[in-house]
Structures are given as structure tokens and as C-alpha cells.
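Colleague: All I have is the shape, not the residue letters:
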């Protein structure tokens, strides 16, 4: 198989974990277990087939550096589990728009000079897939970059809670260009959202009526620092809340569910703490309460998921699929256009990898049926 040429928007902790992971597992044997990914070889592609060819950021301490050095440059503070050799990929000056909020502007200084010619760079580097790792709340910046991606003719994986893949306007735009998009807002391997979803589904399937629940998250990376600016949180709250409530067959009143980031603790670095409480009723209207505490390194927790998303996006390019990829979005993302249980979504992705389910939105006449998850 050919290589997968990947460009990254936003060289933060998530980019660091991803680049480290691709290097760490680049020569993994096909029969070895790799934590956090579906298959060492997916659709014919090894992890080592991913090649980073472009990167964009606005931080003056990162712009101009090789990507291998920029991923370890402060304020990045995630777990370092692999050395990365020089990649020959210079971090280019990106577009700011609303990508730099009130709090991040205290720790990040914009690089001087104009925005790089994003479209031309993507074309010259022959990028296949572009990843969006911008800060939460970067609505204008994300949509600006999407226009560049469409113009350059690349696939797109939207890892943040700005709604692209689930919106019909963008689905149509990607479909008309014959380009695939996976989104929105990446799920971690085992993070707060997936744990809360599975427990919510467990309550439903075991006949416990969930009456109220909360999920409180805090950590010490720039994502949590950025989210101290509450106006940037709306899409994140929507994304995380919908991911949980989609597992119920009834609606919870708004006042009985609270899901979202709550605070920033600098010394935690890229560690994230999650506290979940669920209150329900069992047989005889007897109360049942559950509490869970989860601690993870936030960015490595999603890197494997993104590796699988990249490979699924490359398969879509080969199959000439345009629009939102339904199966990969439903399994890899918190806010896909169609929500399934995680078991159903995984079955759909396995069928997608095998070439048996190439469903996209908008629906093409030749697509397989969404309801068939056997």
C-alpha cells in the first residue's frame, strides 16, 4: 500500500501524542496487540505508513521549528513516551481568527509574519488527510481551515467540537468535491465520555431509570486553561452531553444532567481527572447511585483513535467517497451525524474496513443500508 500523507492543524499535546505514537509503533508486527487501535494493519495500512508532511500553528516558539521539536515545546506538557527523529517538516505560520482565546493569549505569543499559503502547502506536500487539533471554541478558524482543505482536495478529520461532519451544509460541500470527512470531536480510548456512555447504556439495558447525572472534568493542559473562558465551552458541552444522552430512549430534563470541563489545575500537566455520578431508580423505585473517578493522560488517550481515523479516511479517498463517513464518525467521534451504541458502531466500522459499508452523508444512491449492523 502507499503511504498516508498527513497535515496537522495545531501542534499541541494531541499532535505530540500522535506523532510520538506513529514513530513508537511504526515497525509493529501485524500479529502484535497495540493498545488503543483497532488493528495493527487496517485496510492494508500499517501505523508506520502514516507520514507527516505539513503542520500549522501560530505560537512563535513553534513556528519555524521541525515538527519533531515543536511537539515537545512548551506549553505542551503531555507524557513523553518516545523520542522522535527530525521529520523534515517545518511548522508553518497558521491562521489565528478565534483560535487564540483570552487565557491562551497569556501563555502563547503569535508568531510574526503573514499566514502561510495553506492551500499551496497542502497541494505541494500532496497531503491526503488533514487533522484539526485547534483549541476548543475555534469556530471561525476551523471553518476557515475547512475552506482551505476543500480547495486543496484533502480528506478531513475534525478532532474538536466545532460541528462540521454532522452539519448538512458541510456534508454537501465535501460530497460535491468528492472528499471524505470524519467528525466531530474525537472520543478517547477510555475517557470520560466513553465511560459515561457505556454506564448510561448499562443502566438502560439493565432497567435502571437514570434520573440525574453529572460529569466533571479538570486537568492541567492548555485545553483546560483555554476552557476557563466559558464562552468557548458551548459546543464542547453540547458534544459531550449528546454523546451521553444518545444512549437513552427518553429525554433527561436539562437541569438533571451536567457534563463538561470544570476547572484548570496547572500541576496536573496533561493529566485529566473525571468524576461521574449517576442517580437512578431500580425495581420498586428503590434508589441506586453510582460514582466513578477516572484519571488519564489526556492526549495519548485519543492518539490511537486518531490513527485509526486517519487510515479510514485514506480508504475513503481510495474508494472515492465524498461527504461524512457514517461508520468511522459514529465510532471515533463524540458528535457524529448519527449516534449508535458503541458495539453497533464498531460493527459498522469493521464492515467499512472490509469494504461492505461505505455509507456517507449525504446518502448516495449506491450506499448500503444504515440499519443493517449485522
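Modeller: In hand now; what should we look at? If you're wondering where the values come from, they're calculated on a predicted model, not measured in any experiment. Numbers count the residues shown, from 1 in each chain.
Colleague: Tell me which residues are up against the host helix or strand of residue 19.
Modeller: Assigned by DSSP states H and E, residue 19 belongs to helix 13-24. Contacting residues not belonging to helix 13-24 are listed as 8, 47-48, 50, 52, 55, 67-68, 71-72, 76-85, 87, 131, 133, 159, 221-223, 270, 298-300, 302-304, 306-307 [C-beta atoms under 8 Å, 6 or more residues apart in numbering]. Backbone N, C-alpha and C define where each C-beta goes, glycine included.
Colleague: Can you report how many residues lie near residue 290?
Modeller: 15 (other C-beta atoms under 10 Å).
Colleague: who does it bridge with?
Modeller: Residue 290 has these beta-bridge partners by DSSP bridges: residue 278.
Colleague: so how far is residue 188 from it?
Modeller: 20 Å (C-beta to C-beta, to the nearest Å).
Colleague: Also residue 137?
Modeller: Distance, residue 137 to residue 188, by C-beta to C-beta: 19 Å.
Colleague: Ok, residue 119 next?
Modeller: Using C-beta to C-beta, residue 119 is found at 31 Å from residue 188.
Colleague: So between the two, which is more surrounded?
Modeller: For residue 119 and residue 188, the more surrounded residue by other C-beta under 10 Å is residue 188, and the numbers stand at 22 against 16.
Colleague: Assign a three-state SS to that one, would you?
Modeller: coil (DSSP: H, G, I helix; E, B strand; the rest coil).
Colleague: Enumerate every residue touching the residue nearest to it when sequence neighbours are not counted.
Modeller: Excluding the flanking residues, the one nearest residue 188 by C-beta to C-beta, 6 or more residues apart in numbering is residue 301, at 4.0 Å. Taking C-beta under 8 Å, 6+ apart as the criterion, residue 301 is in contact with 36, 188, 189, 190, 191, 272.
Colleague: Please repeat the previous calculation with a cut-off of 6 Å.
Modeller: Neighbouring residues of residue 301 by C-beta atoms under 6 Å, 6 or more residues apart in numbering: 188, 189, 191.
Colleague: Out of those residues, which comes closest to residue 349?
Modeller: Proximity of those to residue 349 (C-beta to C-beta) peaks at residue 189, which lies at 14.6 Å.
Colleague: what number of residues lie near the closest residue to that closest one other than its chain neighbours?
Modeller: Excluding its sequence neighbours, the residue lying closest to residue 189 (C-beta to C-beta, 6+ apart) is residue 36, at 4.4 Å. The local packing of residue 36 (other C-beta under 10 Å) involves 18 other residues.
Colleague: again, but for the one 10 residues further on
Modeller: By the criterion of other C-beta under 10 Å, residue 46 has 20 neighbours.
Colleague: Tell me the confidence at it?
Modeller: For residue 46, the model assigns a pLDDT of 96.
Colleague: May I have the beta-bridge partners of it?
Modeller: residue 41.
Colleague: Would you mind measuring from it to residue 220?
Modeller: 34 Å.
Colleague: And residue 276, by the same measure?
Modeller: Residue 276 sits 20 Å away from residue 220, going by C-beta to C-beta.
Colleague: Not counting its neighbours along the chain, what's nearest residue 357?
Modeller: Going by C-beta to C-beta, 6+ apart, residue 357 has residue 351 as its nearest residue, at 4.0 Å.
Colleague: chain center to the one helix or strand the one you found maps to: distance?
Modeller: Using DSSP H and E, residue 351 maps to helix 342-353. Its chain's average C-alpha position is 17 Å from that of helix 342-353, according to C-alpha atoms, centre = their mean, to the nearest Å.
Colleague: now swap in stretch 331-348 and tell me
Modeller: Its chain's C-alpha centre and that of stretch 331-348 lie 13 Å apart, by C-alpha atoms, centre = their mean.
Colleague: quick one, helices of the stretch 1-150 of the chain?
Modeller: Assigned by DSSP state H, counting those that start in this stretch, the stretch 1-150 of the chain shows helices spanning 13-24, 67-70, 118-124, 139-152.
Colleague: longest helix of this protein?
Modeller: helix 300-318 (DSSP state H).
Colleague: in it, what counts as buried?
Modeller: By neighbour count on 16 or more other C-beta atoms under 10 Å, the buried set for helix 300-318 is 300-317.
Colleague: The next helix or strand after it packs against which elements?
Modeller: Next along the chain after helix 300-318, taking DSSP H and E as the criterion, comes strand 323-325. Other helices and strands packing on strand 323-325, by 3 or more C-beta pairs under 6 Å, 6 or more residues apart in numbering; DSSP states H and E, are helix 168-177, strand 180-182, strand 360-361.
Colleague: How about residues contacting strand 323-325?
Modeller: Strand 323-325 has contacts (C-beta under 6 Å, 6+ apart) with 165, 171, 174, 175, 180, 181, 182, 316, 337, 360, 361, 362.
Colleague: quick one: contacts for the first one?
Modeller: The neighbourhood of residue 165, defined by C-beta under 6 Å, 6+ apart, consists of 158, 181, 183, 184, 324, 329.
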